[in-house]
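J.: What shape does this take:
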Amino acid sequence: MSALRLLALLKPYKGRAVAAASCLLATTGLSLAVPWFIQQAIDVGLTGDRREFLVVAGLSVAALGAVKASISFGHRYLSQWLAQRLAYDVRNALYDHIQRLSFTYHDHAQIGQLMTRCTTDVNAVLRFASVGLLDVLYILVLTAGALAVMLTAHWKLALIALIPVPFIAGTSLNMGRTLRPMFKRMREQFGLVTTVLQENLTGVQVVRAFAREPHEIAKFETAATDLLKRRLRIVRIFAFNMPLTWALILFSTALILWFGGWWVQAGELTVGTLVAFNSYAMLLSQPVRRLGFLANMTAEAIASGERIFDILDTKMSIEDRPGAVALPRLEGVVRFKDVSFRYDRGDGWVLRHVDLQARPGQVVALLGATGSGKSTVVNLIPRFYDVTEGRVMVDGYDVCDVTLESLRRQIGIVLQESLLFSATIRQNIAYGRTDATEEEIEAAARAARAHDFIMEFPDGYDTLVGERGVTLSGGQRQRVSIARALLMDPRILILDDSTSSVDTETEYLIQQALQALMKGRTTFVIAQRLQTVLNADQIVVLDGGRIAERGTHEELLALGGLYREIYDLQLKDQERLRRELLALGGVEEKEAEKVRWGKSAFAGAGPAGDADGPM
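T.: Predicted coordinates:
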């Protein structure tokens, strides 16, 4: 079934496919004509003592060879063009579909497996389309043509010569059936090897920090050994069947020479016909001999096709609904109406009965222990996931009833783990707005406190940041990510623990900048440290997926509940020291404020540092 679906992808190029098939048919016809000329040269030129006919036959064969070479060029070029185009379309379709699959799918998918399907599996399809597909047609036409000529020339000898053919065909078909599941398992194991490699290269610092190189080497060797064993099983089957096929072909030749020789002596068959007959048998042996190779290639392509269509057939759970409308410019009113959520039907509830409203210009802080549902709340706003129960509204629109592009274009997100692409700093900042001017890019960088360190690089905004931004420190990457979000001028701003990877002085400066930038926007802030949310208009404390407390900093302190416990653990001593410093006099509020950020009140306000952890 997957093979037919792959062939259906060639429909837009049926003109070239027909041209390639026509060239193949012409080439096959010319191949069948050569033994006939040899037969005539022997029977007429040699046996009939007409030497001039040998010249005619020789020139005819040479002319056929030249024409066949020209037509073969067209056949090979067109078949390769079709194969490359098929691989191009399949690879792009895979990439496009993977990009649109929901976060739920990516939460469970292995990166190595996805990479293998986009590369190795597509290459297997490419090999089949470029070689195997037309070879199958070549085998069918050549076999039919050779059989027709042989049966016409001497039907009894033809039937004798064909005795081994059913055994050859059966051996090849059985090999294909055996190899198909084996190739699928081998592809899956190759994906596992790729996953181990990808994880190891991504986490190389962690591996070396914990001196786990021997463990990772052993893990990769185990996966690679299993792959080797699976491959060798395939090679063993292939190595056994190919010599068997050759032996059967030679047995057919022996039958032709034995019985044909008797009929030549009996005057029932000419020498030229016997030679031509053997040429047709050898010509027939070429496609039969390739049956094993084609069975191997076809089994591999079908197994790869099944893995490819496993992805393409995965339904996109997050997509525009029929009749979805484009959002106008938002004001930024966000409301959760009795929202409950779980990832899969059999999983436990992540959120339960969440009611929440945020208005333009407000800052809503989400606090809670790990796994309390903070990130899930904000992920529901841009529809990274869909609610299980209830509704999420923006300006009165249900987010499920509007187009994804118009919704996400108006939401700026700075994730906990800042990801930069292997491009320049300018391109990373303008990722969401490729039409942004130089002035707008620089203004966003200044607001995010990134401009100064960017200008310290020799190439400034044209500095290449490397894969995943590895040439920048954690604090620098985070500020570039914030600049990227700010450049979009979003109506809704989501900061998912966005200052967790910067040093305390940088965090302080970023927070000061964000205070002004949050004006007029609806901002959701997720943070583990209270000092990042003290001035929020609404602090929501989540516990076990439910809203345990909500209110301002002062209101929640007065409640004496979970928020008060967090406050006593994190900020009580710092707040007391801050009040004592102010009571002493001669200490400005700005200096005392730094106590909240873990800074000495008497330290100078120097430039922002770029350390990756707290000072």
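
J.: okay, CA-based contacts and neighbour counts for the rest of this
T.: Will do.

J.: For stretch 372-387, which outside residues touch it?
T.: 102-104, 318, 339-342, 350-351, 366-368, 392, 399-400, 404, 407-408, 411, 494, 496, 524, 526, 542-546 (Cα atoms under 8 Å, 6 or more residues apart in numbering).

J.: Tell me how many other residues crowd residue 12.
T.: Residue 12: 9 surrounding residues under other Cα atoms under 10 Å.

J.: Contacts only, for it.
T.: Residue 12 neighbours (Cα under 8 Å, 6+ apart): none.

J.: which SS state does it fall under?
T.: helix (DSSP: H, G, I helix; E, B strand; the rest coil).

J.: Check residue 385 too.
T.: Taking three-state DSSP, the label given to residue 385 is coil.

J.: Next, count neighbours for it.
T.: 20.

J.: What score does it have for pLDDT?
T.: As predicted, residue 385 sits at a pLDDT of 90.

J.: just the one 5 residues further on next, same as before
T.: Among the per-residue scores, residue 390 holds a pLDDT of 95.

J.: Next: residue 353.
T.: pLDDT, residue 353: 94.

J.: looking at this, it is in a helix?
T.: No - counting by three-state DSSP, residue 353 falls outside a helix, being strand.

J.: in the stretch 351-500 of the chain, what spans have low per-residue confidence?
T.: The stretch 351-500 of the chain contains residues with pLDDT under 70 at 416-417, 467-469, 497-500.

J.: all helices of the stretch 101-250 of the chain, in order?
T.: Assigned by DSSP state H, counting those that start in this stretch, the helices in the stretch 101-250 of the chain fall at 103-108, 111-118, 120-127, 133-153, 155-161, 165-202, 204-209, 213-265.

J.: before we move on, the earlier item: narrow the contacts of stretch 372-387 to those in strands?
T.: Residues from those lying in strands, with DSSP state E as the criterion: 339-341, 351, 366-368, 392, 411, 494, 496, 524, 526, 542-543, 546.

J.: can you tell me which two in those are farthest apart?
T.: 411 and 543 (25.8 Å; Cα to Cα).

J.: So if I had to pick from the two, which one is more boxed in?
T.: Counted by other Cα under 10 Å, residue 411 and residue 543 do not tie: residue 411 has more neighbours, with 23 against 19.

J.: Does the more buried one touch residue 495 like I think?
T.: No - using Cα atoms under 8 Å, residue 411 is not in contact with residue 495, being 10.7 Å away.

J.: so what's residue 38 up against?
T.: 57, 272, 275, 276.

J.: what's the pLDDT at it?
T.: 80.

J.: The one 3 residues further on too?
T.: The predicted local distance difference test score for residue 41 is 81.

J.: Assumed it was part of a helix.
T.: Yes - under three-state DSSP, residue 41 sits within a helix.

J.: so how far is the strand or helix carrying residue 272 from its chain's centroid?
T.: Assigned by DSSP states H and E, residue 272 belongs to helix 271-312. Taking Cα atoms, centre = their mean, to the nearest Å, one finds helix 271-312 lying 32 Å from the centre of the chain it belongs to.

J.: do the same with stretch 310-329
T.: 19 Å.

J.: if I pick residue 37, what's in contact with it?
T.: Here residue 37 is in contact with 57, 60, 61 (Cα under 8 Å, 6+ apart).

J.: now, which of those residues lie within helices?
T.: Counting by DSSP state H, the part of those found in helices is 57, 60, 61.

J.: What's the local residue count around the residue lying closest to residue 454 once chain neighbours are set aside?
T.: Nearest residue to residue 454, sequence neighbours excluded (Cα to Cα, 6 or more residues apart in numbering): residue 460, at 5.3 Å. Using other Cα under 10 Å, residue 460 has 16 neighbouring residues.

J.: Per-residue pLDDT of residue 11, please?
T.: Confidence score, pLDDT, at residue 11: 84.
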